[in-house]
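Asks: The amino acid sequence is not available; the structure is as follows:
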């Protein structure tokens, strides 16, 4: 019987593993970073007797992740969840230049330049991404947004609860790669063209009211609620534990934020709901 919760955190070097581990620590997980995979068998045996509180987060280098996943999966007393942190190459490049750290591929003399190191790592370990239970693209995520994302998945009450996450975004900054469903609200009247609303967001009452009072919005809400009322029940019936809904407008400040706030407030009466606004600060 699986009774020890282990979260294996891996992903592209520079994608935010250290930050994620700090967040897990704040959520009450016993955190182990860069644990030697050669010792996993002994560690698994130890867990048979000592659960360390029952919640463990392990940060594993991408090159060791496949072996770690195989070994931990074979231990039937462990409930394993694999989190893969991804990030676009140019953002990783920028982060490495800011921190002046050496990339693992350069340390192992597998590549001569930082960019080649990032490309090689992505090519060699792309298959590990397919093993992940949760993939998070950190390219545009600030620490608070990454924390919201991890808390939405792991910081919940005892027992299995269907969780719905609503995230607003701007199409000009890219689509959230981890979204299960997308809602495009760019057809709604845009407060950006109202001078007194341009520098506000859907978190401000003036913008929220402007968007919500439009006939197009009311018709959209009517049809969307009918669809999602049915869809969310079917996903829950199927046994899906989390659904991420991305709601996008052009810049991610006005219409998408407004609709995200509305839908989160509406569905929190029925489900465990989380929301965050990825691009509102832009």
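Replies: Noted; the coordinates are in hand. In this text, all values refer to a predicted model and were calculated from it rather than measured experimentally.

Asks: where do the helices sit along the stretch 101-250 of the chain?
Replies: 104-107, 114-124, 126-129, 143-154, 205-212, 215-238 (DSSP state H, counting those that start in this stretch).

Asks: so which of those helices comes closest to residue 195?
Replies: helix 205-212 (12.0 Å; C-beta to C-beta). Every C-beta, even on glycine, is put in place using the N, C-alpha and C of the backbone.

Asks: List phi and psi for the closest residue to residue 192 other than its chain neighbours.
Replies: Spatial nearest neighbour of residue 192, chain neighbours left out: residue 198 (5.5 Å); criterion: C-beta to C-beta, 6 or more residues apart in numbering. Backbone geometry at residue 198, expressed as degrees, to the nearest 10, gives phi -60, psi -40.

Asks: Would you check that residue 198 makes contact with residue 204?
Replies: No - if you go by C-beta atoms under 8 Å, residue 198 and residue 204 don't touch, sitting 11.3 Å apart.

Asks: The two - which one has more neighbours?
Replies: residue 204 (16 against 13; other C-beta atoms under 10 Å).

Asks: close enough to count as contact, residue 206 and residue 200?
Replies: Yes - the pair residue 206 and residue 200 qualifies as a contact (C-beta under 8 Å) at a distance of 6.2 Å.

Asks: Which one's more surrounded, those two?
Replies: Shown here are residue 206 and residue 200; by other C-beta under 10 Å, residue 200 has more neighbours (19 against 12).

Asks: Spatially nearest residue to residue 276, not counting backbone neighbours?
Replies: residue 148 (4.5 Å).

Asks: try residue 274
Replies: residue 152 (3.9 Å).

Asks: how many neighbours does the nearest residue to residue 61 once chain neighbours are set aside have?
Replies: The shortest distance from residue 61 to any residue other than its chain neighbours is 6.3 Å, reached at residue 34 (C-beta to C-beta, 6+ apart). For residue 34, the count of nearby residues is 13 (other C-beta under 10 Å).

Asks: can you tell me how far residue 34 sits from residue 143?
Replies: Residue 34 is 20 Å from residue 143, where distance means C-beta to C-beta, to the nearest Å.

Asks: Now stretch 217-234: buried residues?
Replies: Buried residues in stretch 217-234, counted by 16 or more other C-beta atoms under 10 Å: 217, 220, 224, 228, 232.

Asks: Return the member of these nearest to residue 183.
Replies: residue 224 (7.0 Å).

Asks: That closest one and residue 132, how far apart?
Replies: In terms of C-beta to C-beta, residue 224 sits 30 Å off from residue 132.

Asks: picking up where we left off before, what confidence value was assigned to the residue nearest to residue 276?
Replies: pLDDT, residue 148: 81.

Asks: That one is in contact with residue 274, isn't it?
Replies: Yes - assessed by C-beta under 8 Å, residue 148 is found in contact with residue 274 at 6.5 Å.

Asks: Can you name the next helix or strand after the helix or strand containing residue 68?
Replies: In this assignment (DSSP states H and E), residue 68 forms part of helix 62-73. Per DSSP H and E, the first helix or strand lying C-terminal to helix 62-73 is strand 78-86.

Asks: Return the set of buried residues in that next one.
Replies: 78-80, 82-86.

Asks: That strand - which strands sit beside it in the sheet, and in what orientation?
Replies: strand 4-11 (parallel), strand 134-137 (parallel) (DSSP bridges).

Asks: Kindly reformat the ones you listed as JSON lines containing distance to residue 68 and mean pLDDT.
Replies: Putting these into JSON lines (distance: least, C-beta to C-beta, whole Å; pLDDT from 0 to 100) gives the following:
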{"stretch": "strand 4-11", "distance to residue 68": "6", "mean pLDDT": "93"}
{"stretch": "strand 134-137", "distance to residue 68": "16", "mean pLDDT": "91"}
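
Asks: Among the ones you listed, which comes closest to residue 122?
Replies: strand 4-11 (10.5 Å).

Asks: Going by neighbour count, list what's buried in that closest one.
Replies: Within strand 4-11, the residues that qualify as buried are 4-11, counting by 16+ other C-beta under 10 Å.

Asks: ok, the residues you listed vs residue 167, which is closest?
Replies: residue 11 (19.2 Å).

Asks: Sounds good, over and out.
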